[in-house]
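**Student:** My questions are about this predicted structure, shown below with the sequence.
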Amino acid sequence: MNDSLITPASKAGTAGGIVIILLVNINSGEILKTILLSAVGAAVSFTVSITLKWIIHRFKKTNR
């Protein structure tokens, strides 16, 4: 394929069209749900990390 046929303007137009189609098809409720689920996931991950760190610290302390 000839590279001169694919200009930066056509690449930008294609990318812009894809983004617009995606934005139109995404429901705002889905975005809110995704944000909420990611926040819950981060909170659970943080809590589990802190809890495991505390358990390991207590375990090491009792074995001395």
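**Tutor:** The structure has been received and is ready for your questions. Worth saying up front: this structure is predicted, and the values here are computed from it rather than measured.

**Student:** where in the chain is pLDDT low?
**Tutor:** Of all residues in the chain, those with pLDDT under 70 make up the ranges 1-4.

**Student:** ranges for the helices of it?
**Tutor:** For the chain, applying DSSP state H gives helices covering 8-25, 28-62.

**Student:** now the ones you listed as a markdown table including mean neighbour count?
**Tutor:** The C-beta positions use only the backbone N, C-alpha and C, and glycine is treated the same way. Conversion of these to a markdown table gives the following (neighbours: other CB atoms under 10 Å):
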| stretch | mean neighbour count |
| --- | --- |
| helix 8-25 | 9 |
| helix 28-62 | 10 |
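
**Student:** ok, the residue nearest the centre of the chain to residue 45 distance?
**Tutor:** The C-alpha lying nearest the average C-alpha coordinate of the chain belongs to residue 38 (CA atoms, centre = their mean; 7.4 Å). If you measure residue 38 against residue 45 using CB to CB, to the nearest Å, the figure is 10 Å.

**Student:** what sits against the residue nearest to the centre of the chain?
**Tutor:** Contact analysis of residue 38 by CB atoms under 8 Å, 6 or more residues apart in numbering lists nothing.
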